[in-house]
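In: here is the input, now give the coordinates:
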Amino acid sequence: MSTSVDLGIGDEASIRVMFDGDRLEFMAEFARNCFQTGPFRSRTGDMNSWQLDCRESIGAGAYAQAIAAELILDAGGILQFVGSGFGAYILLGAILGVHGDGVTGALVRPARKAYGRERLIEGAICPGERVCVVDDILNSGETACRIVRVLRDEGVQNISYVCVFRYRWGTGVARLAQQGVDCRWLAEVVQLKHKSTARPKRRSLVRFWHFLSTQAECVQERFKT
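Out: Have a look, this model is predicted:
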């Protein structure tokens, strides 16, 4: 059964986090722990009043096993996991610890190592087998699409993607679909729109100016007569 939790600043909710309540009872408390208030600077330079940060909660170990077990389940039997970024690093470690023997993991570097073996992918993966990309949050899909391109360059063709939170307003799912990558997530995040007090004031101002214009026209007509 689908359920949700609203999160925000004060009494005003900013987002709604939706998930399978029967399967993921812990997600409500996990989402509350991940919700942080800002301001925070985004990748594009914009300022946001909130963010979801999985790394602190999973890094503390309270939810690591539960999150890892659900991501493994959503991966649908895939035994190779790849990620990039600090959130994915923690998730990969938890997955390897929960799953045990038979599962492998690898990390994709931001840039190829400039010395030693000069590798871009660190870890053990078999290009001929299915690979699942693991992430904490899917928004624009920029990082996820880069990982897919790197894997394809290494000969990996069968790629899936799982994450903890998917932002519904983001383009990540559509961009990954264009690359033939199936996406799954534990929870979906929706922005909540609130009524603005500024709009009625603007309408009142327009009506006021319309009233003045009408009165001015009436005065002009009287002078003409």
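
In: mind giving me the domain split of the protein?
Out: As assigned by automatic domain parsing, the chain contains the domains 2-191, 199-225.

In: weakest of the ones you listed in terms of mean pLDDT?
Out: Per-stretch mean pLDDT for the domains of the chain is lowest at domain 199-225 (a mean of 46).

In: which stretches in this structure count as helices?
Out: Secondary structure of the chain by DSSP state H: the helices cover 27-34, 54-59, 64-74, 86-99, 142-153, 172-178, 198-224.

In: as TSV, the domains of the chain with mean neighbour count would be great.
Out: In short, each C-beta sits where N, CA and C put it, glycine included. Below are the domains of the chain laid out as TSV (neighbours: other Cβ atoms under 10 Å):
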stretch	mean neighbour count
domain 2-191	17
domain 199-225	9
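
In: which non-adjacent residue is nearest residue 126?
Out: Once flanking residues are discounted, residue 126 sits nearest to residue 80: 6.7 Å by Cβ to Cβ, 6 or more residues apart in numbering.

In: ditto for residue 69
Out: Spatially, and ignoring its direct neighbours in sequence, residue 69 is nearest to residue 98 (5.5 Å; Cβ to Cβ, 6+ apart).

In: wait, isn't the one you found in contact with residue 71?
Out: No: using Cβ atoms under 8 Å, residue 98 is not in contact with residue 71, being 9.2 Å away.

In: so what sits against both of these two?
Out: Shared contacts of residue 98 and residue 71 (Cβ atoms under 8 Å, 6 or more residues apart in numbering): none.
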